[in-house]
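sequence first, predicted model second:
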Amino acid sequence: MQTILYIEDSPLNITLIEKFLKRYDVKVLSEYHAISGIKRAIKTQPDLILVDIFLPDRNGVNVIQELRQTEITASIPIVALTAMDSHQVQADCLEAGANAFLTKPISKAILVETLREHLKLNECSV
């Protein structure tokens, strides 16, 4: 079973992703704050990390940078998520080291396509 860490301050968004990815046999770990998310990433070494850009305690771009600068998490794929569809935010995320950038609300098909680029997902219709 693949594991994804989702660093997101909205319990609703976390629940939606957990329910959706369950059909792909993906375990979703969740953290509501950047600092606890970084610690959990180091501790659990998930297969992929989803990071919301606007978190209560730190900007998601900074989270991506810190994860990339930490040896144990440096090579874990990171997907940045935000409701702000801005070319500058996207550029900042990718420059910080994100492997992909998705805007909310997230298209299920695009999420699956993005995750398939970095994980081996079980086949399931979207």
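Thanks, I have the structure now.

quick one: contacts for the spatially closest residue to Asn99 that is not a sequence neighbour?
Spatial nearest neighbour of Asn99, chain neighbours left out: Pro77 (4.7 Å); criterion: Cβ to Cβ, 6 or more residues apart in numbering. Where C-beta positions appear, they are placed from N, C-alpha and C, glycine not excepted. By Cβ atoms under 8 Å, 6 or more residues apart in numbering, Pro77 lies in contact with Asp47, Leu48, Ile49, Asn99, Ala100, His118, Leu119.

quick check: the farthest pair among those?
Distance extremes for the contacts of Pro77: the farthest pair is Asp47 and Ala100 at 14.2 Å, using Cβ to Cβ.

those two: which has the busier surroundings?
Neighbours were counted for Asp47 and for Ala100 using other Cβ atoms under 10 Å; Ala100 has more, 21 against 18.

distance of the residue nearest to His118 when sequence neighbours are not counted from Ile64?
What sits nearest to His118 in space, not counting adjacent residues and going by Cβ to Cβ, 6+ apart, is Pro77, at 3.8 Å. As defined by Cβ to Cβ, to the nearest Å, Pro77 lies at a distance of 11 Å from Ile64.

tell me the secondary structure for the residue nearest the centre of the chain?
Nearest to the geometric centre of the chain sits Leu50, at 0.4 Å (Cα atoms, centre = their mean). Taken by DSSP: H, G, I helix; E, B strand; the rest coil, the conformation at Leu50 corresponds to strand.

what are the phi and psi values at the residue lying closest to Thr73 once chain neighbours are set aside?
The spatial neighbour of Thr73 that comes closest, neighbours along the chain excluded (Cβ to Cβ, 6+ apart), is Leu67 at 4.5 Å. Dihedral pair for Leu67: phi -60, psi -40, per degrees, to the nearest 10.
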